[in-house]
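**Q** This is the structure alone, sequence omitted:
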Ligand SMILES: *[C@@H]1O[C@H](CO)[C@@H](O)[C@H](O)[C@H]1NC(C)=O
Ligand SMILES: *[C@@H]1O[C@H](CO)[C@@H](O)[C@H](O)[C@H]1NC(C)=O
Ligand SMILES: *[C@@H]1O[C@H](CO)[C@@H](O)[C@H](O)[C@H]1NC(C)=O
Ligand SMILES: *[C@@H]1O[C@H](CO)[C@@H](O)[C@H](O)[C@H]1NC(C)=O
Ligand SMILES: *[C@@H]1O[C@H](CO)[C@@H](O)[C@H](O)[C@H]1NC(C)=O
Ligand SMILES: *[C@@H]1O[C@H](CO)[C@@H](O)[C@H](O)[C@H]1NC(C)=O
Ligand SMILES: *[C@@H]1O[C@H](CO)[C@@H](O)[C@H](O)[C@H]1NC(C)=O
Ligand SMILES: *[C@@H]1O[C@H](CO)[C@@H](O)[C@H](O)[C@H]1NC(C)=O
Ligand SMILES: *[C@@H]1O[C@H](CO)[C@@H](O)[C@H](O)[C@H]1NC(C)=O
Ligand SMILES: *[C@@H]1O[C@H](CO)[C@@H](O)[C@H](O)[C@H]1NC(C)=O
């Protein structure tokens, strides 16, 4: 009976090995999407490979009258994302999205902002987009490498803006954390009726190079944009309102360092008319910031081409 038992146990262990082999290969997978009804859940890769293709697929499958769930602890983003044209979608992020460190890739592949020569890592847009981070969902731009590369140069070419909210209406972004942004954290462009509330931004260099030009947010060509309960720690403008921004409301913000609320700059492009109209900022606490608020305009004397140092004309900051 002994040999039979031996045979049986060998067969069982062989079977186990066979099963483990498949389980193992099943565990090492790239990002995938599980769709249930109109809800798409993105499962992160287990080998740290790019999760952007799966996220893009989820937006494609569930970006209209649906929901997108990003509930794994870590998503690796190694390529640009364009998720525009959404409609009535709920996005739920409880994990961290970590942007990749191939700076060569990002510098050559950023999507165009079509303004001030800036580029984008992720552009999102649509009507009735509800993006909820529950106070924990995090965008980590891996910015330290960018701060070292730029070495204090303000408009170092090809540093991407982490999130651009474009072509959007009636949308809310809430409870999201943004740390170590590559460049400007966010832009709101060509949008109306957008609320961004309970937002935490912290871009802090861990060395002597500054986290330069890590603005919290910039608005362009946008109307009725509300910023509520923002906490911003950074090395530049905390909240900045630029070309053709109107009816902007900022409430209950806390700034640590940085330059506070910037109105501008405007008038940077030679011969182009720009306006900023009806801005309210109330209950803003600026701790060790250079300004609480200031206005940035240009004098009209051409000095070169934007966006870099030798810009169109001289900067003339007026402190409030
Ligand atoms: C994003 O994709 C839309 C639709 O294809 C396109 O119209 C838009 O130009 C793209 N945006 C960027 C910044 O590439
Ligand atoms: C980084 O990106 C560049 C440009 O896309 C590519 O040629 C290169 O292979 C990438 N490097 C790594 C380590 O993936
Ligand atoms: C615009 O950006 C590109 C690439 O990001 C860069 O090569 C170019 O020098 C920039 N142009 C100006 C005027 O800064
Ligand atoms: C916004 O929509 C316009 C028109 O469809 C398109 O040309 C532009 O590229 C879009 N902007 C972004 C940032 O995707
Ligand atoms: C936002 O929704 C409200 C209520 O439905 C509507 O009145 C308003 O026109 C919408 N705004 C935009 C820019 O579509
Ligand atoms: C304000 O936002 C912070 C996150 O930065 C959050 O912890 C806090 O609960 C929010 N406050 C209110 C009143 O919602
Ligand atoms: C910002 O981040 C730095 C470095 O991680 C940390 O020391 C600091 O406490 C943070 N600031 C706030 C206001 O959370
Ligand atoms: C600063 O951050 C970079 C990138 O995350 C890391 O490699 C480095 O070890 C950190 N340096 C210190 C002094 O913490
Ligand atoms: C100015 O903006 C506020 C929101 O901050 C809005 O309530 C008000 O109606 C706007 N005023 C005008 C004249 O449009
Ligand atoms: C800002 O709006 C004005 C008035 O509508 C327009 O003439 C101007 O071209 C816009 N500016 C830009 C930079 O598009």
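**A** Okay, I see it. What you see is a predicted model, and the numbers here were worked out from it, not measured in a lab. Ligands and ions are numbered 1, 2, ... in the order given.
**Q** Pairing partners for the helix or strand encompassing residue 65, with directions?
**A** Using DSSP states H and E, residue 65 sits within strand 64-70. If you go by DSSP bridges, strand 64-70 pairs up with strand 39-43 (parallel), strand 81-93 (parallel).
**Q** residues in contact with the shortest one?
**A** In this structure, residues lying in contact with strand 39-43 by CB atoms under 8 Å, 6 or more residues apart in numbering are 29, 31-35, 51, 54-55, 57-59, 61-62, 66-72, 75. Every residue, glycine included, has its C-beta placed from N, CA and C.
**Q** which of the residues you listed count as buried?
**A** 31, 33, 51, 54-55, 57-59, 62, 66-70, 72, 75 (16 or more other CB atoms under 10 Å).
**Q** what sits against whichever residue of the chain sits closest to ligand 10?
**A** Ligand 10 sits closest to residue 244 of the chain, with a gap of 3.9 Å, by CB to the nearest ligand atom. Residues in contact with residue 244 (CB under 8 Å, 6+ apart) are 220-222, 274-276.
**Q** mind redoing it with 10 Å?
**A** Residue 244 makes contact with 189-190, 219-223, 266, 273-277, according to CB atoms under 10 Å, 6 or more residues apart in numbering.
**Q** Whether stretch 58-74 contacts ligand 1 - can you check?
**A** No - judged by CB under 6 Å from any ligand atom, stretch 58-74 and ligand 1 are separated, with a smallest distance of 11.1 Å.
**Q** returning to what we had before: list the ones among the contacts of strand 39-43 that fall in helices.
**A** 54-55, 57-59, 61-62 (DSSP state H).
**Q** pretty sure residue 221 is touching residue 189, no?
**A** Yes - Residue 221 is within contact range of residue 189, at 5.9 Å (criterion: CB atoms under 10 Å).
**Q** Against ligand 4, how distant is residue 37?
**A** 28 Å (CB to the nearest ligand atom, to the nearest Å).
**Q** quick one: that residue and residue 66 touch, right?
**A** Yes - in this structure, residue 37 is within contact of residue 66 by CB under 10 Å, at 8.3 Å.
**Q** Output the set of residues of the stretch 101-250 of the chain in proximity to ligand 2.
**A** 102, 104-105, 108.
**Q** beta partners for residue 171?
**A** As assigned using DSSP bridges, the partners bridged with residue 171 are residue 194.
**Q** Give me the residue ranges of the stretch 201-320 of the chain where confidence is low.
**A** Applying pLDDT under 70 to the stretch 201-320 of the chain flags residues 299-320.
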